[in-house]
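A.B. asks: How does the following fold in three dimensions:
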Amino acid sequence: MVTPLSDRARRLFAPALLTILLAWPGRTQVPVPAPTPAPAPAPAEQGTPPAGENRPQGPERQGPGRRRGQGREQQSQDLPEFTPVAAPPPLGLLGKQYFWFTMYPDLLVQFDPVTDTVTKKVKLQGGMFWSSTLTQDRKRILVVTDQQQAIEVVDLAEGTVLATHPFKEDNVTVRIRDVRECPGGVHWFVRTERVKKEIDRYSFEPSQWLLYDSANKKVVRKSPKLPEAIERNAQLSADGASWITQDDDGNVLFLDGRKMTETGRIDLRTPRFFGAGALRLTGTDLLDRRDPNRALMLFTSQDPVEKSRTSWGMVELDLQKKLVVDVQEWGPQVTAFGLRVAPKKLVAAAMTGNFGGGGGGGGERDNRSRLLMYDLKNGQKLAEGYEEFRPRRSLVAISPDADKMYIGTAGNDFEVFDAQCKRMKTVELEGEIVGRIYVVDG
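C.D. replies: This next block holds a predicted model:
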């Protein structure tokens, strides 16, 4: 029988027992403990690693739970350097203007509103068109063709296709949905949707915005959306050097052409006097965005107390000093569809009604539409008339001299009315008229 050792005996025999075990043959020796390290030297100046170390600085240095590369600056959203391209001068309105529009099946045509005839036709190389964009200098039109996979550049003076820019990719169906010109005219923002062809299915990828270099025919940058500063339908200024847009309150913002940072604003929200409402621009410059120094804009203003009452009028803006020069309030807001302005005469055409397809509920159907002409110097109505149209017809243009208005869409014809809103004639073309009608100097 083994008697357990007392605590005192264990303390006495433990050192001797350890010595015997260490010396026993075939046993692995226990390593001798390392000496205590000397104290670390005092830390160097901030930002300099201690001697003998080579630690990466900045975003390359990794900490707990941090991926390599996190913290680096995001890709710059600045646009490339550019030479500003100005819009045509205001004096150009004294000359002759033409209509330009797309027409089925694959044509871009020039139309003379004096003789009401087609004077030039450009056959597109990529077949049927999908959308068109007039450039800042009003000398070219960018037309999306080739099943929305290419952009054709049409020279309006020569009536020819200058270049074609394909956006095709292998095993991917690309659809061009939007084209916007950047300052300088060389670069474009192009919004595309992509459908990738998999082995057994098609996968729809998120749409993306491309910054495209049209001179070198290459994509400079891709991003999921436009820079926030110009996302809200920003337009180029008349001198082509900056962007002009509006904020949520309706104030006019001026943005740097490259960096898209705010460089100034015109306050339209602050009441002009006690009891006045804020000014809301309608987006139509009566000077056709040609004057770099000023703009004449239509506006609406809601009564801050009687919310159901809204007035309209014209405001003059000084674009250099960035201030409101004059406000003319004309009276109750005009409710109209598709207001078309003739900058040469400061006259507008408007249309209201059921556009041939509606009627009063529970009562007699009224398919008539109301045609109107307004003097935009004082907001006075010049003429009005009532006419019945076939379904889906609407006002599409007013002549530069404000002596005729054109009813179109859903057909290959224009129904022409004079300045007194009286029917003149119907002009039939060889193909259906589609898309926006641009007014361009001849």
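A.B. asks: Just the C-alphas of the helix or strand S203 falls within, formatted as PDB.
C.D. replies: Using DSSP states H and E, S203 maps to strand 202-213. The C-alpha coordinates for strand 202-213 follow below in PDB (Å, rounded to 0.1, in the frame of the first residue of the first chain):
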ATOM      1  CA  TYR A 202     -30.000  34.900 -70.600                       C
ATOM      2  CA  SER A 203     -29.000  36.900 -67.500                       C
ATOM      3  CA  PHE A 204     -30.000  40.600 -67.200                       C
ATOM      4  CA  GLU A 205     -27.200  42.700 -65.900                       C
ATOM      5  CA  PRO A 206     -27.700  46.200 -64.200                       C
ATOM      6  CA  SER A 207     -27.600  49.100 -66.600                       C
ATOM      7  CA  GLN A 208     -24.400  51.200 -66.700                       C
ATOM      8  CA  TRP A 209     -23.300  54.600 -67.900                       C
ATOM      9  CA  LEU A 210     -20.300  54.700 -70.100                       C
ATOM     10  CA  LEU A 211     -18.000  57.700 -70.600                       C
ATOM     11  CA  TYR A 212     -17.200  57.300 -74.300                       C
ATOM     12  CA  ASP A 213     -14.400  59.000 -76.200                       C
END
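A.B. asks: which helices and strands sit right next to whatever helix or strand comes next after it?
C.D. replies: Using DSSP H and E, the helix or strand that follows strand 202-213 towards the C-terminus is strand 218-223. Contact partners of strand 218-223 among helices and strands, from 3 or more C-beta pairs under 8 Å, 6 or more residues apart in numbering; DSSP states H and E: strand 202-213. C-beta: built from backbone N, CA, C; applies to glycine.
A.B. asks: mind listing what's buried in the strand it packs on?
C.D. replies: Using 16 or more other C-beta atoms under 10 Å as the test for burial, strand 202-213 gives 209-213.
A.B. asks: can you check stretch 435-442 too?
C.D. replies: So stretch 435-442, judged by 16+ other C-beta under 10 Å, has buried residues 435, 437-441.
A.B. asks: report the angle between the axes of the strand holding S203 and strand 218-223?
C.D. replies: 120 degrees (axes from the mean of the first three to the mean of the last three C-alpha atoms, to 10 degrees).
A.B. asks: Show me what strand 202-213 is packed up against.
C.D. replies: For strand 202-213, the packing partners by 3+ C-beta pairs under 8 Å, 6+ apart are strand 187-197, strand 218-223.
A.B. asks: Tell me which residues are up against the helix or strand hosting I407.
C.D. replies: According to DSSP H and E, I407 maps onto strand 404-408. Strand 404-408 has contacts (C-beta atoms under 8 Å, 6 or more residues apart in numbering) with 113, 340, 349, 351, 371, 373, 389, 393-399, 414-419, 421, 424, 433, 437.
A.B. asks: now the strand holding S203: mean pLDDT?
C.D. replies: The pLDDT scores in strand 202-213 average 94.
A.B. asks: just to revisit the earlier point, and the contacts of strand 404-408, which of them are buried?
C.D. replies: 113, 340, 349, 351, 371, 373, 389, 393, 395-399, 414-419, 421, 433, 437.
A.B. asks: So for G379, what's the nearest residue that isn't a sequence neighbour?
C.D. replies: W330 (3.0 Å; C-beta to C-beta, 6 or more residues apart in numbering).
A.B. asks: show me the residues around the one you found that make contact.
C.D. replies: 311-314, 378-379.
A.B. asks: picking that back up, quick one: distance of the strand holding I407 to the chain centre.
C.D. replies: Averaged C-alpha coordinates place strand 404-408 at 29 Å from its chain's average position (C-alpha atoms, centre = their mean, to the nearest Å).
A.B. asks: Go through the contacts of W330 and name the one nearest L134.
C.D. replies: Closest approach to L134 among the contacts of W330 (C-beta to C-beta): M314, at 24.4 Å.
A.B. asks: What mean pLDDT does stretch 411-428 get?
C.D. replies: For stretch 411-428, the mean confidence score works out to 97.
A.B. asks: wait, I meant stretch 307-321
C.D. replies: pLDDT averaged over stretch 307-321 gives 95.
A.B. asks: and the contacts of strand 404-408, which of them are in helices?
C.D. replies: Judged by DSSP state H, the contacts of strand 404-408 include no members of helices.
A.B. asks: distance between the ends of stretch 265-281?
C.D. replies: The first and final residues of stretch 265-281 sit 14 Å from each other (C-alpha to C-alpha, to the nearest Å).
A.B. asks: What residues of that stretch count as buried?
C.D. replies: 266, 268, 277-281.
A.B. asks: chain center to it, what's the gap?
C.D. replies: Using C-alpha atoms, centre = their mean, the offset of stretch 265-281 from its chain centre is 26 Å.
A.B. asks: quick one: contacts of it?
C.D. replies: Against stretch 265-281 from outside (C-beta under 8 Å, 6+ apart): 246-247, 249-254, 297-305, 315, 317, 322-324, 327.
A.B. asks: of the residues you listed, buried ones?
C.D. replies: By 16+ other C-beta under 10 Å, the contacts of stretch 265-281 give 246, 251-254, 297-302, 315, 317, 324 as buried.
A.B. asks: re earlier: would CSV of the helices and strands packed on strand 202-213 with distance to A157 be doable?
C.D. replies: Shown next, in CSV, are these (distance: least, C-beta to C-beta, whole Å):
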stretch, distance to A157
strand 187-197, 21
strand 218-223, 27
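A.B. asks: can you list the ones you listed in a markdown table and add mean pLDDT, distance to V85 and mean neighbour count?
C.D. replies: Shown next, in a markdown table, are the helices and strands packed on strand 202-213 (pLDDT from 0 to 100; distance: least, C-beta to C-beta, whole Å; neighbours: other C-beta atoms under 10 Å):
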| stretch | mean pLDDT | distance to V85 | mean neighbour count |
| --- | --- | --- | --- |
| strand 187-197 | 95 | 12 | 17 |
| strand 218-223 | 95 | 18 | 13 |
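A.B. asks: Look up the residues forming beta bridges with W209.
C.D. replies: R191, S223 (DSSP bridges).
A.B. asks: Relative to P227, how far out is it?
C.D. replies: Distance of W209 to P227, given as C-beta to C-beta, to the nearest Å: 9 Å.
A.B. asks: Burial check on the residue nearest to E384 when sequence neighbours are not counted, number of neighbours?
C.D. replies: Counting by C-beta to C-beta, 6+ apart, E384 lies nearest to L372, which is 4.9 Å off, once chain neighbours are set aside. L372 has 20 neighbouring residues, counting by other C-beta atoms under 10 Å.
A.B. asks: Look up how far G313 lies from L372.
C.D. replies: Taking C-beta to C-beta, one finds L372 at 17 Å from G313.
A.B. asks: Also V85?
C.D. replies: 32 Å.
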